[in-house]
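*Asks:* mind looking at a prediction? Sequence and model below.
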Amino acid sequence: MTYEEFKRELYRNILQQNGAEGKEVKLLERGRVCTEAQTLKIVKFINLSCRGSEDTMIYEDIIYATSNNKTLRGMLYWQVRPMYEKFKCEGWQGVLPEIAAKLQDMGEAADSTFKRSNAYGLENDRLILRPISYSRNASELENCIYWRFDDVALVLYALVYESAEDFMTMKIGRNMLEKGKLSGEAVLTNALLNTYAKMPPRLYHSTDLRCVHDPQEGVFMPGEEGTPIVIHAEDEAEGLRGYRVSTARGLNGAIAYFYPGVKERLAEILEGDYYVGFTSIHEAVVHPVRHKILGEMKEAIGHTNAVFGESEMLSDRVYRYISARKELVEV
């Protein structure tokens, strides 16, 4: 996808997010001349934030969203070029979820998010994503809606039954979206945020192998209530043992690693780059690079995958999160 194609598609996808309802969302293109007074006010505001001056020139492509044009309170804006660079590395799943989460945090339309039925007859609050091995299920995924990162597919499902202990889901086929007006990316984005809300991320020490955790334990994302995990980033022994990323419910917990902000937060609390692998669909294992020998980690992932059945396997590959570039690469 070229930059210009990405720019148009990004704008369209932002407009289709649930959190964009009731807000003004516009694309300001580099080099264009603004004559409308309110737009000039917004351009000045953005230039003051980015450049320290109230210039009226649009220096780069920007998409903004605001729910109050008079005061510009709660205004959000995104520079398109950095988003394009991230898209080239991670796809839409690396771009849209964080934008959608910030739109929802703005507030006005949050009460209606995921509460109504959409154009294809499904309730939005019943849509979630589940992690599935792409290489082991490629043929089955042909009619499915999913994001893919290398060997991991994040697949769209609908909740059929849900209890405190378990839930039952069904895959959503592409034909079910044909009558709707939302793009696949918009649906996937909202489903990922809904999964986050239903099953928030958790981080545990690898030595804490309980089958069931208190949902309030293992909190590591900012703003969440509960008992935070205590990390000693400088402790080599702890780093060698590693950490487990999952959800508060544990089921299909590897999805938590792909929630918006999780990769970056792990780099922050582990104070640098880290390796990540997936021992099953239910969790990811993480080791700081400075405390782990890569060969040992690959061997451990391979051994774990050999013990569990095919249905539980996600990937036998190991990745490194490069914090300076905010990029996840296979090693």
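*Replies:* Structure received.

*Asks:* got the contact list for the strand ranked longest in the chain?
*Replies:* Assignment by DSSP state E gives strand 152-162 as the longest strand of the chain. Outside strand 152-162, the residues that touch it by Cβ atoms under 8 Å, 6 or more residues apart in numbering are 93, 122, 126-134, 137, 141, 144-148, 167-172, 187-188, 191-192, 254-255, 258, 278, 314-315. C-beta: built from backbone N, CA, C; applies to glycine.

*Asks:* distance from the chain centre to that strand, please.
*Replies:* Put simply, strand 152-162 sits 15 Å off its chain's centre (Cα atoms, centre = their mean, to the nearest Å).

*Asks:* now do the same for the residue lying closest to Ala254 once chain neighbours are set aside: helix, strand or coil?
*Replies:* Once flanking residues are discounted, Ala254 sits nearest to Pro131: 4.4 Å by Cβ to Cβ, 6 or more residues apart in numbering. Counting by DSSP: H, G, I helix; E, B strand; the rest coil, the backbone at Pro131 sits in strand.

*Asks:* next up, the contacts around Pro131.
*Replies:* Contacts of Pro131 (Cβ under 8 Å, 6+ apart): 152-155, 252, 254-255, 258, 278, 281, 314.

*Asks:* follow-up on the earlier one: and the contacts of strand 152-162, which are buried?
*Replies:* 93, 122, 126-134, 137, 141, 144-147, 167, 169, 171-172, 187-188, 191-192, 254-255, 258, 278, 314-315 (16 or more other Cβ atoms under 10 Å).

*Asks:* among those residues, which are in strands?
*Replies:* Reading strands off those with DSSP E, I get 127-133, 146-147, 167, 169, 171, 278.

*Asks:* what's the closest of these to Val331?
*Replies:* Distance to Val331 across those (Cβ to Cβ) is lowest for Phe278, with 14.0 Å.

*Asks:* quick one: the closest one and Glu312 touch, right?
*Replies:* No. In this structure Phe278 lies outside contact range of Glu312 using Cβ atoms under 8 Å: 10.3 Å.

*Asks:* quick one on the thing from earlier: now the ones in strands among the buried ones among the contacts of strand 152-162 as a markdown table including pLDDT?
*Replies:* As requested, those are exported to a markdown table (pLDDT from 0 to 100):
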| residue | pLDDT |
| --- | --- |
| Leu127 | 90 |
| Ile128 | 92 |
| Leu129 | 95 |
| Arg130 | 94 |
| Pro131 | 95 |
| Ile132 | 94 |
| Ser133 | 94 |
| Tyr146 | 94 |
| Trp147 | 94 |
| Phe167 | 71 |
| Thr169 | 82 |
| Lys171 | 83 |
| Phe278 | 94 |
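
*Asks:* looking at these, which two lie furthest apart in space?
*Replies:* The widest separation within those (Cβ to Cβ) is 22.7 Å, between Leu127 and Phe278.

*Asks:* farthest pair within the contacts of Pro131?
*Replies:* Val155 and Phe278 (14.7 Å).

*Asks:* helices of the stretch 51-200 of the chain, residue ranges please.
*Replies:* 80-90, 96-105, 134-137, 184-198 (DSSP state H, counting those that start in this stretch).

*Asks:* packing partners of the second one?
*Replies:* In this case it means helix 96-105. Helices and strands touching helix 96-105, by 3 or more Cβ pairs under 8 Å, 6 or more residues apart in numbering; DSSP states H and E, are helix 3-15, strand 76-79, helix 184-198.

*Asks:* can you tell me which of the ones you listed is most buried?
*Replies:* Greatest average neighbour count among the helices and strands packed on helix 96-105 goes to helix 184-198 (a mean of 23), per mean count of other Cβ atoms under 10 Å.

*Asks:* and the closest residue to Leu129 other than its chain neighbours, how far is that from Lys171?
*Replies:* Of all residues not flanking Leu129 in the chain, Leu154 sits nearest, at 4.6 Å (Cβ to Cβ, 6+ apart). Noted for Leu154: a distance of 12 Å to Lys171, by Cβ to Cβ, to the nearest Å.
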